[in-house]
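**Q** sharing a model that was predicted from the sequence below.
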Amino acid sequence: MRRFLVPPALVLFVACGSSTLSRSEAEKDIRQDYPVTVDIRVPEADSAIKGSPDHAKLVAMQEQLSKTGWFSVDRKVEGDREQFRFKVNSGAPSFIHSTPKGFSIPAAEAEFVKALKQEPTRDGLKVTYQIRLSKPTAQFALFQALHPDVKIGDTKERHATYKKEGRSWVLQETDEFFRKD
């Protein structure tokens with residue numbers, strides 16, 4: 001009786017095994033979206049409570065951007081808050097891009113390192129992977145002024161979600177918020 005159960009069990013094992021996304025397939029799929037540009041996001045306008053961490057970041061941004069001469073900054077005190085308005089000056093470099101809510105300045109690149117783990121979800125598969133900060137631009141000092149704990153070579157985890165469509169796994173989204181050039 002035992003030898004009749006082995007072939008169906010083997011067929012079931014092979015069929016189930018081939019329906020999963022392999023780590024190397026996930027890495028290949030995600031890697032094609034890298035490297036991405038890590039930007040400094042400069043708001044057109046923002047306000048913060050004086051003395052708060054957000055206020056400290058806006059002051060640091062204003063100080064660093066004033067040194068470059070690329071932006072003019074208008075500051076107004078409104079009670080316990082301070083309003084900052086950033087405006088690009090004429091003659092600013094072309095790598096400063098306008099965004100719907102302000103501006104972006106390239107600071108470095110993030111490159112794909114490796115896939116770390118895969119977890120089944122209700123709708124598919126979640127892949128946790130690692131990226132590494134690399135290739136700083138001349139504006140990286142501004143980025144570090146805003147994020148003092150981040151250094152070139154640091155790694156960070158990101159996540160990708162996959163959904164099974166027929167016999168294929170399709171990348172649905174990642175939580176990456178940097179942009180591909």
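**A** Yes, it's here. Numbering: from 1, shown residues only.
**Q** for the lengthiest strand in the chain, what is the distance to the chain centroid?
**A** Identified as the longest strand of the chain according to DSSP state E is strand 102-120. Distance of strand 102-120 from the chain centroid (Cα atoms, centre = their mean, to the nearest Å) equals 5 Å.
**Q** the very next helix or strand once past that strand packs against which elements?
**A** Going down the chain from strand 102-120, the next helix or strand is strand 124-134, by DSSP states H and E. Secondary-structure packing of strand 124-134 (3 or more Cβ pairs under 8 Å, 6 or more residues apart in numbering; DSSP states H and E): helix 23-31, strand 102-120, strand 155-165, strand 168-174. C-beta coordinates here come from the backbone N, C-alpha and C atoms, glycine included.
**Q** ok so, going back, the longest strand of the chain to helix 23-31, inter-axis angle?
**A** Interaxial angle of strand 102-120 relative to helix 23-31 (axes from the mean of the first three to the mean of the last three Cα atoms, to 10 degrees): 170 degrees.
**Q** pull out the buried residues from strand 102-120.
**A** Residues 103-110, 112-113, 115, 118 are the ones in strand 102-120 that count as buried (16 or more other Cβ atoms under 10 Å).
**Q** and which of those is nearest residue 144?
**A** Nearest to residue 144 out of the buried residues of strand 102-120 is residue 107 (Cβ to Cβ; 8.5 Å).
**Q** for that closest one, which non-adjacent residue is spatially closest?
**A** Take residue 107 and drop its neighbours on the chain: the residue closest to it by Cβ to Cβ, 6 or more residues apart in numbering is residue 143, 3.7 Å away.
**Q** partners of the longest strand of the chain in the sheet?
**A** Using DSSP bridges, the strands paired with strand 102-120 are strand 36-43 (antiparallel), strand 97-99 (antiparallel), strand 124-134 (antiparallel).
**Q** in a markdown table: these, plus mean pLDDT, mean neighbour count and distance to residue 64.
**A** Formatted as a markdown table, the strands paired with strand 102-120 follow (pLDDT from 0 to 100; neighbours: other Cβ atoms under 10 Å; distance: least, Cβ to Cβ, whole Å):
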| stretch | mean pLDDT | mean neighbour count | distance to residue 64 |
| --- | --- | --- | --- |
| strand 36-43 | 90 | 20 | 9 |
| strand 97-99 | 90 | 12 | 18 |
| strand 124-134 | 92 | 18 | 19 |
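**Q** closest one to residue 24 among those?
**A** strand 124-134 (11.7 Å).
**Q** immediately after that closest one, which helix or strand?
**A** helix 140-146.
**Q** check which helices and strands that next one sits against.
**A** The contact analysis (3+ Cβ pairs under 8 Å, 6+ apart) places helix 140-146 against strand 36-43, helix 53-68, strand 102-120.
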